[in-house]
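Student: Got a predicted structure here, sequence first:
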Amino acid sequence: MFRVPFLIAIALAIAFGGGIWSTLAALNASAGFGAIRIGAWSAFPQAQTADADPYAKSHRAKAGRLLYGVAEGLAFTATTDDEGVALTGACFYRIAGATPTARLWTLYAADLQDMPLSGAVELPNAVNSRTVLRERDGRFAISVSTRARPGNWLALPAATPFKLVLTLLDTPAAGSSGLVGLDMPAVTKIGCGNGN
């Protein structure tokens, strides 16, 4: 007598549970379609437009953040170094090179849930185009580690996995015509362990 309702309840639980799980897995697996990748860096230039795909719109709603308009800027993220190895605070990295043309750019480290990492107030938790020390040719090198480094240094508060967020503001790279031939800085692992 209770066999049929019990089987229906199990089937509905599997259907709803499986549907919810697969939807969440799909949303967490991708921030959307149309990514551009340059070395370790990736960005979603269409994520902030009205033509964004449903996954990008869902990520935008889930994060609860406003994104830059197409003419305002573009955020690149790097979760790995140039060799494809995940970034971790247990290692020491160098970000070197140049960025695409922009009125202003900022660089900071974030955790894997996109929350900025912040250690002690007096440590440099972010770097921008106005404060970075440059070579004569305009290129720069930024050290990223938990221990202090000479020159440009981006401090990590702990030896945990992290991502780098490079935001270009007022840049032609945000428009579809500026996506060809972008020059992004290299993300190179220098060493790991106590010597970092």
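Tutor: Thanks, I have it. Quick caveat, the model's predicted, so the values are computed rather than measured.
Student: which outside residues touch stretch 144-164?
Tutor: 77-79, 86-95, 107-112, 114, 117-120, 123-127, 132-133, 140-143, 187, 196 (CB atoms under 8 Å, 6 or more residues apart in numbering). The C-beta positions use only the backbone N, C-alpha and C, and glycine is treated the same way.
Student: can you check stretch 185-195 too?
Tutor: Here stretch 185-195 makes contact (CB under 8 Å, 6+ apart) with 39-41, 78, 80-83, 85, 87-88, 90-99, 140, 142, 164, 166, 196.
Student: Just the buried ones from the residues you listed?
Tutor: The neighbour-count criterion (16 or more other CB atoms under 10 Å) marks 39-41, 78, 80-82, 87-88, 90-97, 99, 140, 142, 164, 166, 196 among those as buried.
Student: What is the longest helix along the chain packed up against?
Tutor: Using DSSP state H to define each element, the chain has its longest helix at helix 3-29. Packed against helix 3-29, as judged by 3 or more CB pairs under 8 Å, 6 or more residues apart in numbering; DSSP states H and E, are the following elements: helix 54-63.
Student: any idea of the mean pLDDT in the helix or strand following the helix it packs on?
Tutor: For helix 54-63, the following helix or strand on the C-terminal side (DSSP states H and E) is strand 73-78. In this model, strand 73-78 has an average pLDDT of 86.
Student: list the buried ones in stretch 125-137?
Tutor: By 16+ other CB under 10 Å, the buried positions in stretch 125-137 come out as 125, 127, 129.
Student: Flag the least confident of those.
Tutor: The weakest per-residue confidence within these falls on N125 (89).
Student: thought it was touching L107?
Tutor: No: the criterion here is CB atoms under 8 Å, and N125 misses it with L107 at 10.3 Å.
Student: first to last residue in stretch 114-124, what's the distance?
Tutor: In stretch 114-124, first residue to last residue: 18 Å (CA to CA, to the nearest Å).
Student: Show me what the mean pLDDT comes to for it.
Tutor: For stretch 114-124, the mean pLDDT works out to 78.
Student: and it, how far out from the chain's middle?
Tutor: Offset of stretch 114-124 from its chain centre (CA atoms, centre = their mean, to the nearest Å): 16 Å.
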